[in-house]
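> pasting a predicted model and its sequence here:
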Amino acid sequence: MNLQTAIRAIYPATCVGCAEPVADENGLCGACWSETHFIHGLVCDLCGAPLMGTEDGLGANQCDDCLAAPPPWDRGCAVLEYAGKGRAMVLGLKHNDRSDLAVPAAGWIAERLRGKVGADTLVVPIPLHWSRLVTRRYNQAALLGRLIARHLEVDYLPDALQRTHRHPKMENETRRARFQALSGAIRPHPRRGARMAGRAVLIVDDVMTSGATLTAAARAARRAGAGTISVAVLARVVKEP
């Protein structure tokens, strides 16, 4: 019996959503799987939002929001809807010290990106303001980014971007207010930001709501001279049909 088998015998694998026994490490039980709304089928190529219809392979697919106001990045993907267990996972990762959730989450994101990310890509997480990092003790986007880069075997730079100031929580703010508050709130790191120049950059975050944070980050990466910019999130808010 090897060490891993012995550990499994003593500590069986449990569901990352509810701690019920499961067959595989970092997996979901049947009940949690049914409450975790994975985004699949036809999606917006820019923000990952699910779309009506089926893939026809004839061209780019974009949601109404991205057609009306194209984001400052080139491609985007999201794995889960920000609802049910997907929302619980994001909140657990962000606020409840569930850093272990980064392991399955990064694996899901990397699987969506596999074959779509070049070997020259630089993975860059959305930064936290230093004061929030002291309070929270870790940056959940950085945890995801490091693991995604490892899965995809590409470079990772945790401090390519920097928050210029701390904002209050904006859960109840309008889309317009979010964009105004975050305009210019993220900049390239004064020294390490230059490493984005000429590189394909993948910006990683835990959740996309209005897209204001990712917009600020993508604009900062563009100012640093980044080439193709992609974004990837664990979950995104999905409009009701």
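That came in fine, so what should we check first?
> any stretches of the chain with poor pLDDT?
Residues of the chain that meet the criterion pLDDT under 70 lie in 1-11, 54-59, 168, 170-172, 241.
> domain ranges for it?
Taking automatic domain parsing as the reference, the chain has its domains at 1-34, 39-236.
> most tightly surrounded among those domains?
Neighbour counts (mean count of other CB atoms under 10 Å) averaged over each of the domains of the chain peak at domain 39-236, with a mean of 18. Placement of C-beta: from N, CA and C, glycine included.
> excluding its backbone neighbours, what's nearest residue 219?
residue 72 (5.2 Å; CB to CB, 6 or more residues apart in numbering).
> for the host helix or strand of residue 91, packing partners?
In this structure, residue 91 sits in helix 84-95 according to DSSP states H and E. Contact here means 3 or more CB pairs under 8 Å, 6 or more residues apart in numbering; DSSP states H and E; on that basis helix 84-95 packs against helix 102-113, helix 140-152, strand 201-208, strand 229-236.
> strand partners of the last one, parallel vs antiparallel please.
Strand 229-236 pairs in its sheet with strand 75-81 (parallel), strand 201-208 (parallel), by DSSP bridges.
> just the helices in the protein please.
Secondary structure of the chain (DSSP state H): helices at 3-10, 30-34, 64-68, 84-95, 102-113, 130-136, 140-152, 175-182, 212-223.
> nearest to residue 200 among those helices would be which one?
helix 212-223 (10.4 Å; CB to CB).
> residues contacting that closest one, please?
With contacts defined as CB atoms under 8 Å, 6 or more residues apart in numbering, helix 212-223 is touched by 71-73, 76, 124, 126-127, 160-161, 175, 178-179, 181-188, 193, 196, 201, 203, 205, 208, 229, 231, 233.
> ok, 6 Å please
Contact with helix 212-223 is made by 72-73, 126, 161, 178-179, 182, 185-188, 196, 201, 203, 229, 231, as judged by CB atoms under 6 Å, 6 or more residues apart in numbering.
> and the angle for that helix with strand 75-81?
Orientation check (axes from the mean of the first three to the mean of the last three CA atoms, to 10 degrees): helix 212-223 against strand 75-81 gives 160 degrees.
> angle of helix 212-223 against helix 140-152?
Interaxial angle of helix 212-223 relative to helix 140-152 (the same axes, to 10 degrees): 60 degrees.
> re the thing from before, residue 131 is nearest to which of the strands paired with strand 229-236?
Within those, the stretch nearest residue 131 is strand 201-208; the backing value is 18.8 Å (CB to CB).
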